[in-house]
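>>> Model the structure of this input:
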Amino acid sequence: QVQLVESGGGLVQPGGSLRLSCAASGFTFSSYAMSWYRQAPGKERELVARIVRAGGSTSYADSTKGRFTISRDNSKNTVYLQMNSLKPEDTAVYYCNARGLYDPLNNYWGQGTQVTVSS
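Sure thing, here's the model as predicted:
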């Protein structure tokens, strides 16, 4: 069955860094656009970053441009989110998402990993 398992979340001080990982299984990873979303308490889930293909185009939320970098390793079926210069407003549960490039109805979510930025 399809699984997306996030890891790498935790507590970090403002200005610090974290790298999130999302290990995928149960589908053809290279045929899916991979994204990271986040949801803070009381707020709607928002797109953080998206990558279509390995080495291909990426897109970012305005609030994360220049600080976050999304990448993927198709040989490991894994997508990463490198987060630098973290701010308290980055605190949220971060979710991995996979959406089929050829069938967007194939849309999968991970269980989420908590990121807390606080001194």
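>>> what residue lies at the spatial centre of the chain?
residue 36 (2.6 Å; CA atoms, centre = their mean).
>>> ok, which stretches of this structure are strands?
Along the chain, counting by DSSP state E, strands occupy 3-7, 10-12, 18-25, 32-39, 46-51, 58-60, 68-73, 78-83, 92-100, 107-109, 113-117.
>>> For these, could you give me TSV that also reports mean pLDDT?
Formatted as TSV, the strands of the chain follow (pLDDT from 0 to 100):
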stretch	mean pLDDT
strand 3-7	97
strand 10-12	98
strand 18-25	98
strand 32-39	97
strand 46-51	97
strand 58-60	96
strand 68-73	96
strand 78-83	98
strand 92-100	96
strand 107-109	96
strand 113-117	98
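>>> Relative to residue 51, how far out is residue 7?
According to CB to CB, to the nearest Å, residue 7 stands 18 Å off from residue 51. (Each C-beta comes from the backbone N, C-alpha and C, glycine too.)
>>> ugh, wrong one, residue 64
Separation of residue 64 from residue 51 (CB to CB): 13 Å.
>>> Neighbours of residue 68, how many?
Around residue 68 sit 21 other residues, with neighbours defined as other CB atoms under 10 Å.
>>> okay but it is in contact with residue 47, surely?
No - contact status for residue 68 versus residue 47: not in contact, 11.5 Å apart, counting by CB atoms under 8 Å.
>>> Please save the CA atoms from stretch 48-60 in PDB.
Extracted in PDB, the C-alpha atoms of stretch 48-60 (Å, rounded to 0.1, in the frame of the first residue of the first chain):
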ATOM      1  CA  VAL A  48       5.500  25.200   1.300                       C
ATOM      2  CA  ALA A  49       7.400  23.800  -1.600                       C
ATOM      3  CA  ARG A  50       7.000  21.600  -4.600                       C
ATOM      4  CA  ILE A  51       9.300  19.700  -7.000                       C
ATOM      5  CA  VAL A  52       8.100  18.000 -10.100                       C
ATOM      6  CA  ARG A  53      11.000  15.900 -11.200                       C
ATOM      7  CA  ALA A  54      14.500  15.300  -9.900                       C
ATOM      8  CA  GLY A  55      16.600  18.300 -10.900                       C
ATOM      9  CA  GLY A  56      13.500  19.800 -12.400                       C
ATOM     10  CA  SER A  57      11.400  22.900 -11.600                       C
ATOM     11  CA  THR A  58      10.700  23.800  -8.000                       C
ATOM     12  CA  SER A  59       8.300  26.300  -6.500                       C
ATOM     13  CA  TYR A  60       8.100  27.900  -3.100                       C
END
